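1. sharing a sequence plus its predicted fold:
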Amino acid sequence: MDYSIFTSPQRDNGYDIADYRAVDQRFGTMADFEELTKEAKARDIGVMLDMVFNHTSTEHQWFKRAVAGEKEFQDYYKFVDGEPDSPPTNWVSKFGGNAWEYVPAIKKWYLHLFDVTQADLNWENPRVRQELKDIILFWKSKGVSGFRFDVINLISKPDSLQNDDIGDGRRFYTDGPKVHQYLKELVADTGIEEMITVGEMSSTSIDNCIKYSNPDEKELAMTFSFHHLKVDYKDGDKWSLMPYDKIAFKQLFKEWQEKMTDGNGWNALFLTNHDQPRIVSRFGDEKQYWRESAKLFAGVIHLMRGTPYVYQGEEIGMLNTHFTDINQYKDVESLNYYNILMEQGKNANQALDIINQRSRDNCRTPMQWDTSENDGFTTGKPWIEIPEYGKSITVSSQINDENSILAFYKKLIALRKQYRIISEGNISFDIAVPEQIISFQRKLEDECLYVIGNLGETETQITVSESLTKGQLLIHNYSDDVNIMEKSLNLRPYELLAILL
């Protein structure tokens, strides 16, 4: 689970950092962390930290000193002089509302692309950049093996501020003018070039992600991008529901996978993280084909080119919360948008249904280890209520089951380690297949791996090449055997095949 462990008022689940050099007491002590990295290293496990360098909490000492009038620290943030009723631009916060907040005491506005308590840092200031480098060096000295950089492509803001007449402002600061310069400097000056690093890239482009992740650029090892997880946004609006567009889903993977390959970039592969709903609830089937659909999406991701990420609970097929009351939610974005949806004319049930399908809290409930109190996660009080829905989905119920989702994930990971074609091969997609079929091919030297999956709930027939009928079935997500000797394959709902030639 990617989560910020630093001292925080927890307005945004730890992504509002008040002290970058301290472990929040909720999670333990610095001594605990040092022991963790030491014991992990003894077991050949690396510990990565999630660094939130686009913004700090307004509880951070830098910000407190800024609003107290210290001009040196005002330059640590994106402050703009102004009048109370005239924000510098009409940019919209990603959590809703205007992206600027006025501070009467100093007669200035500050930028917050996220929550009002998350003030954007001013990377133009070399002192800020040095502070952040020192923080990286501090944690390297504690035994950290890698870093995830939260929304790192938003750190470079434009020199001139202007209203956005056609959007919400993100086109002005996404992959900003000096972002590559800043990343190269950060990596070089902290010596993390050879470490595992991944950047979370908001609303980014393929060309930029190639630059971020191409080893020749000496920026990051890989990038997270999210275009494939917006294919169920009606008219591009996260809070407007529609069935996901399977053709767009496949086309986006084709474009990103093939172009990143051509440009020597590297993708971080995922369908679920701390900001996304559970994938089985979202694109799969929670009931009849729960097991098959969970395995299908696991196979699709793990057999592509890039580094696959497994988010807590994904490996056992955990589901969305299905909460029945808005007060059960904790996520600031969800609570903000519930109110916005009500203001737009939705009734309470309609607004709650949308939040139930879109909320980030869907992935933020505790890991379901067993069916004991608090799902076996803690004997204390968890940060969020334990969902009643899907409580039978546990690690203990799957750990000894060879046909379980958990066993399937283990096999996928073992195959990636065993076959270079999975970890290193190139990739190409076949789009000339039925709408609900996803088909791609991996190649390395004289080997080929064909991956074919049914994204839908109805059986679909496809015709395959004769050579494919002579291949080796590497992995299959149904518990019974499948005959790959015929040129005509009937793929059952959510069926996945990977055939090696």
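-> Nice, I can see it.

2. make it CA atoms for all contacts and neighbour counts henceforth
-> OK.

3. what residues are up against the closest residue to residue 105 other than its chain neighbours?
-> Closest residue in space to residue 105, ignoring its immediate chain neighbours: residue 67 at 7.2 Å, by C-alpha to C-alpha, 6 or more residues apart in numbering. By C-alpha atoms under 8 Å, 6 or more residues apart in numbering, residue 67 lies in contact with 74, 103, 105, 106.

4. got it, and residue 94?
-> For residue 94, the contacting residues are 113, 114, 115, by C-alpha under 8 Å, 6+ apart.

5. quickly find the element holding residue 249.
-> Using DSSP states H and E, residue 249 falls within helix 246-262.

6. next helix or strand past that helix?
-> Past helix 246-262, the next helix or strand by DSSP H and E is strand 268-269.

7. helix or strand next in line after that following strand, which one?
-> Past strand 268-269, the next helix or strand by DSSP H and E is helix 279-283.

8. just the C-alphas of that next one, formatted as PDB.
-> C-alpha atoms of helix 279-283 as PDB (Å, rounded to 0.1, in the frame of the first residue of the first chain):
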ATOM      1  CA  ILE A 279     -10.800  -3.100 -10.100                       C
ATOM      2  CA  VAL A 280     -13.100  -6.100  -9.800                       C
ATOM      3  CA  SER A 281     -15.900  -3.800  -8.700                       C
ATOM      4  CA  ARG A 282     -15.100  -1.300 -11.400                       C
ATOM      5  CA  PHE A 283     -14.400  -3.300 -14.600                       C
END
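
9. pLDDT on it, on average?
-> On average, the pLDDT along helix 279-283 is 98.

10. also stretch 489-499?
-> pLDDT averaged over stretch 489-499 gives 95.

11. okay, buried residues for it please.
-> 489, 490, 491, 492, 493, 494, 495, 496, 497, 498, 499 (16 or more other C-alpha atoms under 10 Å).

12. in a markdown table, list these along with secondary structure and distance to residue 159.
-> Shown next, in a markdown table, are the buried residues of stretch 489-499 (DSSP: H, G, I helix; E, B strand; the rest coil; distance: C-alpha to C-alpha, whole Å):
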| residue | secondary structure | distance to residue 159 |
| --- | --- | --- |
| 489 | strand | 57 |
| 490 | strand | 57 |
| 491 | strand | 54 |
| 492 | coil | 55 |
| 493 | coil | 52 |
| 494 | coil | 49 |
| 495 | coil | 51 |
| 496 | strand | 50 |
| 497 | strand | 51 |
| 498 | strand | 50 |
| 499 | strand | 52 |
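
13. name the helices or strands packed onto the helix holding residue 249?
-> helix 206-213, strand 426-429 (3 or more C-alpha pairs under 8 Å, 6 or more residues apart in numbering; DSSP states H and E).

14. what's the helix or strand for residue 295?
-> With DSSP H and E as the test, residue 295 turns up in helix 290-302.

15. which element follows that helix toward the C-terminus?
-> strand 307-308.

16. what are the pairing partners of that next one, and which direction each?
-> When pairing is defined by DSSP bridges, strand 307-308 lines up against strand 268-269 (parallel).

17. ok so, going back, how close does the residue nearest to residue 105 get to residue 52?
-> Distance of residue 67 to residue 52, given as C-alpha to C-alpha, to the nearest Å: 21 Å.

18. and residue 122, by the same measure?
-> Residue 122 is 13 Å from residue 52, by C-alpha to C-alpha.

19. which residue packs closest to residue 4, ignoring adjacent ones?
-> Spatial nearest neighbour of residue 4, excluding adjacent residues (C-alpha to C-alpha, 6+ apart): residue 14 at 5.1 Å.

20. sec struct for that neighbour, please.
-> The three-state assignment at residue 14 reads coil, by DSSP: H, G, I helix; E, B strand; the rest coil.

21. burial of it, as a residue count?
-> Each residue near residue 14 was counted by other C-alpha atoms under 10 Å, and the total is 18.

22. show the pLDDT at it.
-> With respect to pLDDT, residue 14 has a value of 93.

23. does it touch residue 20 like I think?
-> No. The pair residue 14 / residue 20 is not scored as a contact, 11.0 Å apart, by C-alpha atoms under 8 Å.

24. joint contacts of these two?
-> 6, 7.

25. in contact with the spatially closest residue to residue 261 that is not a sequence neighbour, which residues are there?
-> In this structure, residue 261 finds its nearest non-sequential neighbour in residue 426, 6.6 Å apart by C-alpha to C-alpha, 6+ apart. Shown in contact with residue 426 (C-alpha under 8 Å, 6+ apart): 261, 305, 442, 443, 444.

26. and the pLDDT for residue 3?
-> pLDDT at residue 3 comes out at 59.

27. okay, strands next: where are they in the stretch 401-501 of the chain?
-> 426-429, 437-444, 447-454, 460-463, 472-476, 488-491, 496-500 (DSSP state E, counting those that start in this stretch).
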